[in-house]
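Peer 1: Sequence and computational prediction follow.
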Amino acid sequence: MTGSKFYNGYLHVNGEERVVHFRAADTLLTVIREGLGLTGTKYGCGNGDCGACTINVDGWPQKSCLMLAIEAIDKEVLTIEGLNTTPIQKAYVEKNAFQCGFCTPGFIMNAHSLLTLFPDADEQMIQDWMESNICRCTSYQEMMEAIHSVKKG
C-alpha cells in the first residue's frame, strides 16, 4: 500500500484564490480550518446534524463536514471570515443572539444565505432554514429577531 495521495489545488475562498494541499478524503471543513487557518468554521458533530460548520458554497449554505474539499474546486466558498461586518452579524450582536458563540458562525452563514437568496422569506421559510442548525445555550427567539431586523419586505 502506497499511502494517501495528496493533491494541490486552488480553492476560491472569501473572494481569493487559495492554494491548498489535501488528501482526496479530506473534508472541506478540515481544509478550511487546518489548511487555511480559518477557524471561525467550527467542528461540532462531524455528521451534519449541528450546523456549526456551515459555510456558503456558490451562495448556498453547506455543512462543510459533509463536503469533500475536492468537490469545492471551481466553486465560490464563503466562510464567516469573509462576511466581515454584514447587517446580519451586526443584528446578532444588537439582539444578543448568542451566548457562548460556538454555533453562531454557522447560524449567521445560514441566515446570510437565506436573506441573500430569499430576501422576502416568510416566517415558515425562515424557521425551516434555521432548523438545520442547533444551539445548546441560547434562545432561538433572539436569533429570529436578528433575522427579522435585517429582512427586506
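Peer 2: Everything's here; your move. Numbering: from 1, shown residues only.
Peer 1: Spell out which residues make up each domain of this structure.
Peer 2: 7-81, 82-150 (automatic domain parsing).
Peer 1: Kindly reformat those domains as a markdown table containing mean pLDDT and mean neighbour count.
Peer 2: C-beta coordinates here come from the backbone N, C-alpha and C atoms, glycine included. Formatted as a markdown table, these follow (pLDDT from 0 to 100; neighbours: other CB atoms under 10 Å):
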| stretch | mean pLDDT | mean neighbour count |
| --- | --- | --- |
| domain 7-81 | 95 | 18 |
| domain 82-150 | 93 | 17 |
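Peer 1: so how far is T41 from the spatially most central residue of the chain?
Peer 2: Note on the chain: the residue nearest the mean C-alpha position is I55, at 2.2 Å, using CA atoms, centre = their mean. Plainly put, I55 is 6 Å away from T41 if you go by CB to CB, to the nearest Å.
Peer 1: Which stretches in this structure count as helices?
Peer 2: Assigned by DSSP state H, the chain shows helices spanning 28-30, 80-83, 87-94, 104-117, 123-130, 140-150.
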